[in-house]
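Enquirer: No letters, just coordinates:
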């Protein structure tokens, strides 16, 4: 959840520590089922958060993809360089998680 909202290598390390400290192996089946369900719902919750568009934006977004090519990112105005970079990290992480393909950035900055 943390990596999707704030991409950083620390989240993978934290997940490893968590799994070592709180392994699911050996838990009763019902508890294991509940943990798996919570993990799934947490992913869905993060997806909702990432796609949420508050009314104040009136349907606009600060960053997004170009209408003619989904892997071309654009700044619709008002986003910082860090926000665009974080948006690209979310896409890279999402594609890797879903398909096992690691995208590489090919950066062209247009003013």
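Expert: Done, it's in. Quick caveat, the model's predicted, so the values are computed rather than measured.

Enquirer: and residue 30, what are its phi and psi?
Expert: Note on residue 30: its backbone torsions stand at phi -60, psi -40 [degrees, to the nearest 10].

Enquirer: For residue 73, what is the enclosing helix or strand?
Expert: strand 69-75 (DSSP states H and E).

Enquirer: immediately after that strand, which helix or strand?
Expert: From strand 69-75, the next helix or strand downstream (DSSP H and E) is helix 81-99.

Enquirer: Next, the buried residues of that following helix.
Expert: Residues of helix 81-99 classed as buried by neighbour count (16 or more other C-beta atoms under 10 Å): 84, 85, 86, 87, 88, 89, 90, 92, 93. (Each C-beta comes from the backbone N, C-alpha and C, glycine too.)

Enquirer: ok, those vs residue 47, which is closest?
Expert: Nearest to residue 47 among these is residue 90, at 10.4 Å by C-beta to C-beta.

Enquirer: Which neighbouring elements make contact with the helix or strand containing residue 35?
Expert: Using DSSP H and E, residue 35 maps to helix 29-51. Helix 29-51 sits against helix 2-5, with contacts defined as 3 or more C-beta pairs under 8 Å, 6 or more residues apart in numbering; DSSP states H and E.

Enquirer: State the mean pLDDT of stretch 19-31.
Expert: Mean pLDDT, stretch 19-31: 90.
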